[in-house]
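In: Here is a sequence with its predicted model. Questions after.
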Amino acid sequence: MKLVTFTHNNQARVGAVINDAIVDSQGSAKIPTSMIDFLTAGSKAFLAMQELINSDNARIPFNEVKLNAPVPRPGKYLGIALNYADHIAETGRDKPEYPSFFTKQSSCVIGHGDAILRPKVSEKLDYEGELAFVIGKRCRHVPIDKAHQVIAGFTIANDVSVRDWQMRSPTMTIGKSFDSCGPLGPWIVTSDELADPHNLSIKTWVDNELRQDGNTRQMIFNCYEMVAYLSQAMTLEPGDIITTGTPSGVGVKMQPRGYLKPGQTARIEIEGIGLLSNPVIEEPDNLAIY
């Protein structure tokens with residue numbers, strides 16, 4: 001199942017993707033309108049969505065909807081640093097002994113097709129194509145061999161980073177959390193649809209130039225190890241987003257630097273999931289709020 005959050009006729013709700021159409025949940029009392037509530041409802045909501053899919057009713061053409069981030073405001077958005085051997089090599093850093101996580105603030109999240117803003121305060125805007133997984137059950141102290149049971153599914157993330165601001169703090173949080181620096185989407189592919197999340201091709205293009213070409217089998221800490229590690233410290237909840245690191249080829253390590261510029265488009269494709277695409281524009285002048 002491909003779960004999506006979309007807007008149609010100015011109303012946002014949850015649906016499923018079938019070929020070139022959206023299965024619309026509007027009018028179904030069994031299907032919550034937000035993805036977090038949908039995941040929290042568990043098997044009842046999934047069964048109700050499957051019934052809609054099987055009915056062949058309630059279809060909306062893709063060109064009539066706006067795709068939103070699958071989880072527009074996750075309760076937690078956690079990213080792991082230095083989790084691909086080739087990326088560690090290009091940074092010149094040592095292989096970490098333990099998983100190293102940082103936080104992206106949920107206000108950075110945007111959806112497929114939304115614009116990444118190059119901020120007024122920096123030109124060092126960089127891309128990082130990543131597999132992300134979505135927590136589906138409230139959980140704590142999850143053993144590695146049970147971790148797959150708490151993952152609802154997988155999506156694509158662009159861990160957009162403002163590099164100079166990232167380096168101002170050892171936590172990296174501010175440089176990872178600028179508005180629009182969290183593209184997610186285009187949907188969540190449920191775990192049963194992916195035979196092995198640890199053997200997926202991942203590619204990033206800037207316009208037509210292939211910048212990253214890796215595979216999730218190169219991860220040092222896999223998804224299940226991440227769940228087990230994090231859940232020793234905190235309760236993970238439905239809709240929490242965890243990104244799994246990026247392969248080599250980031251812009252900051254190119255010569256000359258390959259930072260994102262207005263007018264370009266960043267595209268990330270992950271095997272078995274789909275394509276996340278976002279244009280880059282200058283931050284507009286009218287965003288000040290005070």
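Out: Received it, and whenever you're ready, just let me know what you need. Just so it is clear, the model here is predicted, and its values are computed rather than measured.

In: switch to C-alpha atoms for all contacts and neighbour counts from now on
Out: Noted.

In: Could I get the full set of strands for the stretch 101-250 of the chain?
Out: 109-110, 116-118, 125-126, 129-135, 151-158, 161-162, 182-190, 201-206, 209-215, 241-243 (DSSP state E, counting those that start in this stretch).

In: closest to residue 142 out of those?
Out: Closest approach to residue 142 among the strands of the stretch 101-250 of the chain (C-alpha to C-alpha): strand 151-158, 11.2 Å.

In: So in terms of bridging, what pairs with residue 18?
Out: Beta bridges link residue 18 to residue 21, judged by DSSP bridges.

In: in the sheet, who's paired with residue 162?
Out: Beta-bridge partners, per DSSP bridges, of residue 162: residue 125.

In: thinking again about what came up before, any chance of the strands of the stretch 101-250 of the chain in CSV with mean neighbour count, distance to residue 56 and mean pLDDT as columns?
Out: Putting those into CSV (neighbours: other C-alpha atoms under 10 Å; distance: least, C-alpha to C-alpha, whole Å; pLDDT from 0 to 100) gives the following:
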stretch, mean neighbour count, distance to residue 56, mean pLDDT
strand 109-110, 26, 30, 98
strand 116-118, 24, 36, 98
strand 125-126, 23, 42, 98
strand 129-135, 28, 27, 98
strand 151-158, 26, 23, 98
strand 161-162, 25, 42, 98
strand 182-190, 27, 20, 98
strand 201-206, 21, 32, 98
strand 209-215, 18, 36, 98
strand 241-243, 27, 31, 98
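
In: CSV please, covering those strands and showing distance to residue 100.
Out: CSV is the format used below for these (distance: least, C-alpha to C-alpha, whole Å):
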stretch, distance to residue 100
strand 109-110, 21
strand 116-118, 26
strand 125-126, 20
strand 129-135, 16
strand 151-158, 18
strand 161-162, 16
strand 182-190, 19
strand 201-206, 21
strand 209-215, 20
strand 241-243, 12
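
In: so which of those gets nearest residue 171?
Out: Closest among the strands of the stretch 101-250 of the chain, once you apply C-alpha to C-alpha, is strand 161-162, at 12.8 Å.

In: Give me the residues contacting the closest one.
Out: The contact list for strand 161-162, computed with C-alpha atoms under 8 Å, 6 or more residues apart in numbering, reads 122, 123, 124, 125, 126, 127, 128, 175, 176, 177, 178, 181.

In: now do stretch 267-276
Out: Under C-alpha under 8 Å, 6+ apart, the answer for stretch 267-276 is 112-113, 129, 131, 154-158, 183-186, 188-189, 194, 200-207, 277-278.

In: List the buried residues of that stretch.
Out: Buried residues in stretch 267-276, counted by 16 or more other C-alpha atoms under 10 Å: 267, 268, 269, 270, 271, 272, 273, 275, 276.

In: how distant is it from the center of its chain?
Out: Relative to the chain's own centre, stretch 267-276 is displaced by 11 Å; criterion: C-alpha atoms, centre = their mean, to the nearest Å.

In: longest single helix anywhere in this protein?
Out: helix 43-55 (DSSP state H).

In: Tell me which of the strands of the stretch 101-250 of the chain lies nearest to residue 170.
Out: Judged by C-alpha to C-alpha, the one of the strands of the stretch 101-250 of the chain that comes nearest to residue 170 is strand 161-162, at 13.9 Å.

In: what's the least confident helix or strand in this protein, going by average pLDDT?
Out: Across the helices and strands of the chain, mean confidence by mean pLDDT, DSSP states H and E is lowest for helix 85-91: a mean of 87.

In: which other residues reach that helix?
Out: Helix 85-91 has contacts (C-alpha under 8 Å, 6+ apart) with 82, 94, 95, 218, 219, 220, 246, 247, 248, 249, 253.

In: Give me the pLDDT for the last one.
Out: We have a pLDDT of 94 for residue 253.

In: Leaving out chain neighbours, which residue sits closest to it?
Out: Take residue 253 and drop its neighbours on the chain: the residue closest to it by C-alpha to C-alpha, 6 or more residues apart in numbering is residue 90, 6.9 Å away.

In: Burial check on the one you found, number of neighbours?
Out: Applying other C-alpha atoms under 10 Å, we find 15 residues neighbouring residue 90.

In: go on, residue 138?
Out: Neighbours around residue 138, by other C-alpha under 10 Å: 15.

In: residues contacting it?
Out: The contact partners of residue 138, by C-alpha under 8 Å, 6+ apart, come to 150, 235, 236, 237, 238.

In: for residue 210, same thing?
Out: Applying C-alpha under 8 Å, 6+ apart, we find residue 210 in contact with 203, 204.
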